Structures are given as structure tokens and as C-alpha cells.
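> what shape does this take:
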Amino acid sequence: MTKRTFLITGASSGLGRAFAQAALAAGHTVVGTVRKADDLAKFEALAPGRAHARQLDVTVDEAVFDVVGEVERTVGPVDVLIANAGYGHEGVFEESTMADLRAQFDANVFGVAATVHAVLPGMRQRRSGHIFAVGSMAGLMTVPGMAYYCSSKYAVEGMLESLAKEVAGFGVRVTIVEPGSFRTNWAGRSMVRSDRSIADYDELFEPIRAARHAASGNQLGNPAKAAEAVLAVVDAEKPPVHLVLGSDALRLVGNGRAAVSADIEAWEELSRSTDFPDGHQVAAN
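Take a look at the predicted model:
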């Protein structure tokens with residue numbers, strides 16, 4: 001197995017920490033970014049000499065480029081990026097503020113974009129590299145009360161799927177990881193929740209919020225097994241652009257995609273009616 005240098009954002013806990021531990025256990029070098037200075041030494045203690053920690057807020061573009069540049073000068077070229085940093089926002093759309101939405105996109109979308117921008121030139125020039133972004137099953141289906149989170153993950157899907165087509169000829173591979181519910185702090189202390197204020201949504205949303213609280217810490221998904229799956233994809237000859245993780249994700253994504261297909265099929269005649277009769281079909285990939 002080829003030894004690689006990984007850059008993993010949001011590596012202090014959760015899936016990011018699991019990805020780092022698995023890569024280190026496999027003998028790779030890992031640079032993990034953390035938000036708090038107290039976490040730097042803890043991360044490097046995972047594998048002294050091969051675990052390198054950097055403090056980084058991915059919502060600050062200049063800091064992202066500075067850290068990636070420094071890492072490539074002092075540790076080595078980044079072979080594998082796992083853009084994992086982000087968080088969940090829970091709240092009914094009407095009860096959530098525009099500031100909440102901007103903060104969600106700053107971390108989950110623009111933070112991913114900045115990190116990918118920072119590593120991509122080197123990968124393209126070397127004609128080698130693998131970019132992972134941690135999306136979510138919520139980037140391929142939706143649930144009530146997660147409009148901001150779902151929209152941020154849908155944005156990651158569109159951005160990285162397009163990128164995969166742009167860089168395929170350069171030997172750079174792109175995979176969007178779409179986890180279901182994993183046993184991390186995502187639905188617990190890491191989640192931002194909008195305050196309730198509109199009684200009309202009580203019947204719909206209160207059971208959903210209560211169920212998510214109850215499930216936190218008891219989710220079906222095992223982070224260590226998610227990390228094993230990601231490492232298997234790193235070594236795959238033809239890695240997927242979309243990697244759904246978890247049996248719950250398979251079921252919910254399947255149901256969500258089927259609902260979209262049903263709408264398309266049901267309204268196909270109306271959809272076709274909007275063409276000019278003398279128009280020409282435009283080829284698209």
C-alpha cells in the first residue's frame with residue numbers, strides 16, 4: 001500500500017478524528033486541523049512524528065490558504081484531502097434567521113470550497129490526488145426542520161460533482177462522502193438549534209426534535225467503520241463520486257431519489273411542452 005499524506009479538517013472529534021486514526025493506523029502521515037489550541041497536542045500524540053496538528057477556522061479563507069501552503073512546504077504535498085469540518089443546524093425554516101443560514105454556509109460550503117481551492121493546484125500539477133468532502137445523506141434527501149443543513153449539503157453535492165468532471169483528466173479523483181446517522185456528537189453538543197417560536201409547527205417538529213435528542217449517542221453508524229470505508233475508496237482503482245455510508249442512508253436516500261423520479265415521470269408531458277418546436281437539442285454531459 002502506498003503511504004500518503006492526508007489533510008483532514010475538523011479532526012478533533014467525530015468522523016474527522018475517526019478518519020485520522022484509521023489513516024495513522026494504516027501508516028499514513030496525517031495533518032489534522034482543529035479549532036482549539038488545547039487540541040493540538042492531543043492530536044499529535046496519536047502518532048508522534050506522523051500526526052501533525054494545525055489550528056484552523058475554515059471560514060477564514062486566508063487562513064485556509066496559509067495553512068495548506070505551510071503544510072505542503074513543511075510536511076509534504078497533500079495526497080488526500082478530507083474536507084470534513086462543519087456542523088449541523090436544526091430548526092424550522094421560518095424560525096431560523098438569515099444569519100443562521102450564512103453561518104451554516106460559511107462552514108459547510110465555503111469552508112469546503114476554500115480547502116479544495118487550496119490543495120487543487122498542487123494535485124493538478126502533480127496529476128495525482130484524491131479530494132473527499134464530507135457531505136451527508138441530507139445532500140441527497142431532505143427532512144423537516146433541517147432546511148439550512150440540507151441546503152448546505154446539497155450545495156456541496158453540486159460543487160464537488162461538477163469538480164469531479166472538471167479534474168478527471170488530471171488524475172485527480174473526487175468523492176463525496178454521504179453518511180447517515182453515526183455515533184458522534186453531531187446531533188448533540190455540536191448541533192446549533194434555533195429557538196422555537198411559532199406554535200403552528202409544534203405538531204410537525206416537536207416529535208422530530210425529541211427523537212433526534214433521544215437518538216444522540218445511540219446512532220446505528222460506527223465512525224471507525226466509516227473510516228475503514230473511506231480508506232478502501234482511497235485505494236480503489238475506480239473510486240465512486242458518491243459514497244453513501246450507513247443502511248439508514250441507503251434507505252432514506254433511495255426513498256428521496258424515488259420521490260424526485262416520481263415527480264419527473266408524473267409531469268413529463270408538461271415538462272416537454274415548454275420546448276420550441278423548431279429548437280435543437282443541446283448536447284450535455
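> the strands in the chain, which residues?
Secondary structure of the chain (DSSP state E): strands at 5-8, 29-34, 51-55, 80-83, 89-90, 129-134, 172-179, 192-193, 242-245.
> which one of these lies nearest to Val68?
Among the strands of the chain, the nearest to Val68 by CB to CB is strand 5-8 (7.1 Å). In this view, the C-beta of every residue, glycine as well, is placed from N, C-alpha and C.
> partner strands of the closest one and their direction?
strand 29-34 (parallel), strand 80-83 (parallel) (DSSP bridges).
> where's Gly254 relative to Val58, distance?
Here Gly254 is placed at a distance of 31 Å from Val58 (CB to CB, to the nearest Å).
> cool, Gly76 as well?
21 Å.
> of those two, who's got more company?
A count of neighbours by other CB atoms under 10 Å puts Val58 above the other of Gly76 and Val58, at 25 against 13.
> just give the nearest non-adjacent residue to the more buried one, would you?
Gly111 (3.3 Å; CB to CB, 6 or more residues apart in numbering).
> check contacts around the one you found.
Contact analysis of Gly111 by CB atoms under 8 Å, 6 or more residues apart in numbering lists 9, 58-59, 64, 83, 85-86.
> do that again at 7 Å, thanks
By CB atoms under 7 Å, 6 or more residues apart in numbering, Gly111 lies in contact with 58-59, 85-86.
> go through stretch 239-252 and flag the buried ones.
239, 242-246, 248-249, 252 (16 or more other CB atoms under 10 Å).
> hey, where'd the helices end up in the stretch 51-200 of the chain?
Assigned by DSSP state H, counting those that start in this stretch, the stretch 51-200 of the chain shows helices spanning 61-74, 98-105, 111-126, 147-167.
> which one of these lies nearest to Thr5?
Each of these has some distance to Thr5 by CB to CB; the shortest is helix 61-74, at 8.3 Å.
> the closest one versus strand 29-34: what angle between them?
On the basis of axes from the mean of the first three to the mean of the last three CA atoms, to 10 degrees, helix 61-74 is oriented at 160 degrees to strand 29-34.
> hang on, the earlier thing: please convert the strands paired with strand 5-8 to JSON lines, extending it with mean neighbour count.
Listed next are the strands paired with strand 5-8 as JSON lines, based on neighbours: other CB atoms under 10 Å:
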{"stretch": "strand 29-34", "mean neighbour count": "26"}
{"stretch": "strand 80-83", "mean neighbour count": "27"}
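> let me have those strands in CSV, adding distance to Arg196 and mean pLDDT as columns.
CSV is the format used below for these (distance: least, CB to CB, whole Å; pLDDT from 0 to 100):
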stretch, distance to Arg196, mean pLDDT
strand 29-34, 32, 98
strand 80-83, 32, 98
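> could I get these as JSON lines with distance to Ala262?
Listed next are the strands paired with strand 5-8 as JSON lines, based on distance: least, CB to CB, whole Å:
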{"stretch": "strand 29-34", "distance to Ala262": "42"}
{"stretch": "strand 80-83", "distance to Ala262": "33"}
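> select, out of those strands, the one closest to Phe170.
With CB to CB as the yardstick, what comes closest out of the strands paired with strand 5-8 is strand 80-83 (14.6 Å).
> now what about the closest one, what contacts it?
By CB under 7 Å, 6+ apart, strand 80-83 touches 4, 6-9, 19, 112, 115-116, 119, 130-134, 234.
> which one of these sits closest to Pro48?
Once CB to CB is applied, the member of the contacts of strand 80-83 that ends up nearest Pro48 is Phe6, at 16.3 Å.
> who does the closest one bridge with?
Judged by DSSP bridges, the bridge partners of Phe6 are Val30, Val80.
> what's near enough to touch it?
Shown in contact with Phe6 (CB under 7 Å, 6+ apart): 23, 28-31, 80, 82.
> ok, now with 8 Å
Contacts of Phe6 (CB under 8 Å, 6+ apart): 19-20, 23, 28-31, 78-82.
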